[in-house]
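> Sequence unavailable; structure follows:
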């Protein structure tokens, strides 16, 4: 009787089977374990991208300031000259420049309020049927902030006339918190030049959650006050008088600062030329009106240097003179070529200076 051979073999001496192959065979038998991570599809939504720290943003603007150091010094010198001239000049010069700047900013923001219409609305609250009252209110706010008052550094919410409602939900983000965050970033950039800091603050405005309808005017007015914070004559630094190209928000900090400096330089030159024209007219008016007596001629000259359009009721209110004295002096100034009437009407007439 033949004995059947055993089917169990001893594989210890079989060189064809390795330890690695044996491990792979055992892993293949572990069917209840999940597969490798790289084989599973990533169906999870992408999370929010981490915001760069404030210090990184400030470093970018510090590098941009270093690149444009020479141009920055030239613009700062021009702004210093404007500041000194306004410090020595009459108060009306600041008001006239604020009217022009606010009107130009309104065109940049899309409200398109001319300086003449703005002067009428601020002085007499006169507006046409085609005028947007909300736009006039926004530009009127800009004029008030460009002519004086506390700057944005002390209380940005008060500067903007924006407060949180009393019945705000507890989970809602408060405007005062967003304004405080913007102010914190600006305070961290105290080593930057005020002009550079103003440019940075303007371009960080929307990122700080301070946007809304009219935010471009608010951002520009706030930045203009920041740029002139070291001055004593100029309340604001002109930004839009020479065109609003410096306010475009595209490119790197270096590119944005370059446009900002070019735009501010052009705006300051426009402001200086405006003051040259007003000063020349004032000297000519003094010589021509030297033969007139009383305080009304001097008061009228001051009104015309401050406002672009002047009416008889407006001049009467600002000079304190009688209606007859105002109308008599206005007629005399028109006859002598100092002013000209612009409405062409018999009633509600308006005059402007001849430059």
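Good, I have the coordinates. Treat the numbers as computed from the prediction; the structure is a model and nothing was measured.
> what about the strands in this protein?
310-311, 339-341, 350-353 (DSSP state E).
> Ok, which of these comes nearest residue 330?
strand 350-353 (6.3 Å; C-beta to C-beta). (Glycine included, C-beta is placed from N, CA and C.)
> what's the closest one in contact with?
Strand 350-353 is contacted by residues 120, 278, 281, 285, 304-305, 308-311, 330, 333-334, 338-343 when judged by C-beta atoms under 8 Å, 6 or more residues apart in numbering.
> Just the buried residues of the residues you listed.
Buried subset of these (neighbour count, 16 or more other C-beta atoms under 10 Å): 120, 278, 281, 285, 304-305, 308-311, 330, 333, 338-339.
> among these, which two are most distant?
120 and 285 (22.6 Å).
> In the stretch 101-250 of the chain, where is pLDDT below threshold?
126-130, 164-173, 212-214 (pLDDT under 70).
> And the helices in it, which stretches?
With DSSP state H, counting those that start in this stretch as the criterion, the stretch 101-250 of the chain has helices at 115-124, 133-147, 156-160, 175-188, 194-203, 215-227.
> Show me what the fifth one is packed up against.
Right, the one you point to is helix 194-203. helix 54-67, helix 69-88, helix 175-188, helix 215-227, helix 253-288 (3 or more C-beta pairs under 8 Å, 6 or more residues apart in numbering; DSSP states H and E).
> Quick one: neighbours of the nearest residue in space to residue 267 that is not next to it in sequence, just the number.
Spatial nearest neighbour of residue 267, excluding adjacent residues (C-beta to C-beta, 6 or more residues apart in numbering): residue 238 at 3.6 Å. Residue 238 has 30 neighbours, counted by other C-beta atoms under 10 Å.
> next one: the one 3 residues further on
Other residues within reach of residue 241 by the criterion other C-beta under 10 Å amount to 23.
> Among the helices and strands packed on helix 194-203, which comes closest to residue 195?
Across the helices and strands packed on helix 194-203, closest to residue 195 is helix 215-227 (C-beta to C-beta), at 4.9 Å.
> What are the buried residues along the closest one?
216-227.
> which helices and strands sit right next to that helix?
With contacts taken as 3+ C-beta pairs under 8 Å, 6+ apart, helix 215-227 sits against helix 91-109, helix 133-147, helix 156-160, helix 194-203.
> again, only this time at 7 Å
Packed against helix 215-227 by the contact rule (3 or more C-beta pairs under 7 Å, 6 or more residues apart in numbering; DSSP states H and E) you find helix 91-109, helix 133-147, helix 194-203.
> picking up where we left off before, tabulate the buried residues of helix 215-227 (JSON lines), appending distance to residue 244.
Below are these laid out as JSON lines (distance: C-beta to C-beta, whole Å):
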{"residue": "216", "distance to residue 244": "9"}
{"residue": "217", "distance to residue 244": "11"}
{"residue": "218", "distance to residue 244": "15"}
{"residue": "219", "distance to residue 244": "12"}
{"residue": "220", "distance to residue 244": "8"}
{"residue": "221", "distance to residue 244": "13"}
{"residue": "222", "distance to residue 244": "16"}
{"residue": "223", "distance to residue 244": "12"}
{"residue": "224", "distance to residue 244": "12"}
{"residue": "225", "distance to residue 244": "17"}
{"residue": "226", "distance to residue 244": "18"}
{"residue": "227", "distance to residue 244": "15"}
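> with those residues in mind, which one is nearest to residue 175?
residue 218 (12.0 Å).
> In this structure the closest one contacts residue 160, no?
Yes: counting by C-beta atoms under 7 Å, residue 218 does reach residue 160; the two are 5.7 Å apart.
> what's the residue minimising distance to the centre of the chain in contact with, if anything?
Nearest to the geometric centre of the chain sits residue 220, at 1.4 Å (C-alpha atoms, centre = their mean). Shown in contact with residue 220 (C-beta atoms under 7 Å, 6 or more residues apart in numbering): 105, 202, 239-240, 247.
> Distance of it relative to residue 247?
Distance, residue 220 to residue 247, using C-beta to C-beta, to the nearest Å: 6 Å.
> got it, and residue 352?
28 Å.
> neighbour-wise, which of the two wins?
residue 247 (22 against 16).
> That one is in contact with residue 238, isn't it?
No: if you go by C-beta under 7 Å, residue 247 and residue 238 don't touch, sitting 11.8 Å apart.
> Would you tell me which of the strands of the chain gets closest to residue 78?
Comparing the strands of the chain by C-beta to C-beta, strand 350-353 comes nearest, at 25.4 Å.
> quick one: average pLDDT of the closest one?
Averaged across strand 350-353, pLDDT comes to 93.
> Sheet partners, orientation included, of that strand?
When sheet partners are counted by DSSP bridges, strand 350-353 sits next to strand 310-311 (antiparallel), strand 339-341 (antiparallel).
> still on that earlier bit, nearest to residue 71, out of the helices of the stretch 101-250 of the chain?
Going by C-beta to C-beta, the one of the helices of the stretch 101-250 of the chain nearest residue 71 is helix 194-203, 10.2 Å.
> And the contacts of that closest one?
Outside of helix 194-203, the residues within contact range by C-beta under 7 Å, 6+ apart are 61, 65, 72, 75-76, 186, 189, 219-220, 222-223, 226-227, 229-230, 249, 256-257, 260, 264.
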